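Student: Quick one: sequence plus predicted model below, questions after.
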Amino acid sequence: MSRASKYGYAVSRVRGMKANLLKTTEYEALIKAINEEDALRLLSGTTYASLAPSLSTKEFDLSKFERALLESYYEVYERVMSFAVRAAKAFLQKVYQRYEFACLKSIIRAFYADMPRGEAMIYMTPIGSFDVEVCANLLKKRELREVIEVVKETKLKMKLLESMEKSTRLHSSLPLECMIDKYCFAVLWELANQLKDWDKQPVIRILGMEIDLTNINILIRTKSMGLDISTTKSLLIPIRYRLGLEFESSLNMLTALDALRTLATGYYSNLLLDIISICEREETILPVELALKRYYLRENLKVFGGYPFHVGTLLAYLNLKYYEVRDIRAVIVGKFNRLPPEKIKDVLILYGFS
């Protein structure tokens, strides 16, 4: 069977689904909404119309809305994953697990930031085994160890418990977050390399770029914390895609901005030069993580402009859809907690894409 025959139906369906992603004007309307009810009313005119029953009662039920939103995403994920075959399907199943671990990272980060529960919830996307109730309950825990104990993967749990000492010493969630990334990306990288060439190449590109950008973010965070080279190296994901000698050189830089300038001599120069300009103008490195995520998703969009008959097209769409769901949830939770529009806008990833 030809690639076009095998993936023709899947690609046509996914392209149609991609066309229904929220537009910039729709994001702007959501951000300007008076409250959560007004925002949900606006959503009823999009592909998220099925969420309207979340307002069927007099008083808005945030947990009911969240469950409906996440169930809608899971249905989309199951539908798209059904288009894949054999090893490609196994890979997408593991990608879904990574979304769960992203939620775990947000919970751990909230612990170290001593963030109020209501505000912490805006930064995460409860999903899978880390649903709304689980996340809310974990944020109530007094000890971080209790959070780590819920991790089902024994190998990861043990590594996280070992990393707690380093996190405590550094007064930072970074070692724990990095351990989760190292575990997830190692599993996904191995599965990606087991794919056939026509699936392998685009998936390696998408995944490899995400690993590179994650390593850049880790490097910048460690430089801003003043950590030594040895500690920084221990936190990095031991996989390189397009990062070269410039990355090794950046490890020797004293400041985060100097590290960015060194990195800007390599493959990601255009991206990093823009980030440097923003950081210098705002006198902070806080925009780095958001800018890296936005760049990564723009690269996912480019997948639709090339040869489409492979699982990479499905993966790219699922990445975009995940962040759209994350953005919608952030808007509604932000409105529910009466956060100002500018603060909500600051955490959105796909805003301004189209």
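Tutor: Yes, it's here.
Student: wouldn't Ile220 be in contact with Ala256 here?
Tutor: Yes: with contacts counted by Cβ atoms under 8 Å, Ile220 reaches Ala256, the gap being 4.8 Å. C-betas here are computed from N, CA, C, even on glycine.
Student: Compare these two (neighbour count), which wins?
Tutor: Between Ile220 and Ala256, counted using other Cβ atoms under 10 Å, Ile220 has the larger neighbour count: 24 against 21.
Student: confidence score at that one?
Tutor: Looking at Ile220, its pLDDT reads 97.
Student: Which elements pack onto the helix or strand encompassing it?
Tutor: Here Ile220 sits within helix 197-225, counting by DSSP states H and E. In this structure, helix 197-225 packs against helix 86-113, helix 174-192, helix 229-235, helix 245-250, helix 256-263, helix 287-302, helix 311-336, with contacts taken as 3 or more Cβ pairs under 8 Å, 6 or more residues apart in numbering; DSSP states H and E.
Student: hey, which of these is tucked in deepest?
Tutor: helix 311-336 (a mean of 24; mean count of other Cβ atoms under 10 Å).
Student: moving C-terminal of that one, what's the next helix or strand?
Tutor: Per DSSP H and E, the first helix or strand lying C-terminal to helix 311-336 is helix 341-346.
Student: Now do the buried residues in that next one.
Tutor: By 16 or more other Cβ atoms under 10 Å, the buried positions in helix 341-346 come out as 344-345.
Student: helices or strands next to it in the packing?
Tutor: Right, helix 341-346 is packed against helix 24-32, helix 311-336 by 3+ Cβ pairs under 8 Å, 6+ apart.
Student: And the average pLDDT for the last one is what?
Tutor: When pLDDT is averaged over helix 311-336, the result is 94.
Student: hmm, back to that, and the helices and strands packed on helix 197-225, which one averages the lowest pLDDT?
Tutor: helix 86-113 (a mean of 90).
Student: from the chain's centre, how far out does the helix or strand following that one sit?
Tutor: Next in sequence after helix 86-113, counting helices and strands by DSSP H and E, comes helix 117-122. Relative to the mean C-alpha coordinate of its chain, helix 117-122 is positioned 17 Å out (Cα atoms, centre = their mean, to the nearest Å).
Student: that older thread, so which bits of the helix holding Ile220 are buried?
Tutor: 199-200, 202-224.
Student: Just put the helices and strands packed on helix 197-225 in JSON lines and tack on distance to Glu36.
Tutor: Formatted as JSON lines, the helices and strands packed on helix 197-225 follow (distance: least, Cβ to Cβ, whole Å):
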{"stretch": "helix 86-113", "distance to Glu36": "21"}
{"stretch": "helix 174-192", "distance to Glu36": "30"}
{"stretch": "helix 229-235", "distance to Glu36": "38"}
{"stretch": "helix 245-250", "distance to Glu36": "43"}
{"stretch": "helix 256-263", "distance to Glu36": "37"}
{"stretch": "helix 287-302", "distance to Glu36": "23"}
{"stretch": "helix 311-336", "distance to Glu36": "4"}
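Student: so where does the closest residue to Tyr9 other than its chain neighbours fall, helix or strand?
Tutor: Counting by Cβ to Cβ, 6 or more residues apart in numbering, Phe83 is the residue found nearest to Tyr9 once chain neighbours are left out, at 7.2 Å. Under DSSP H and E, no helix or strand contains Phe83.
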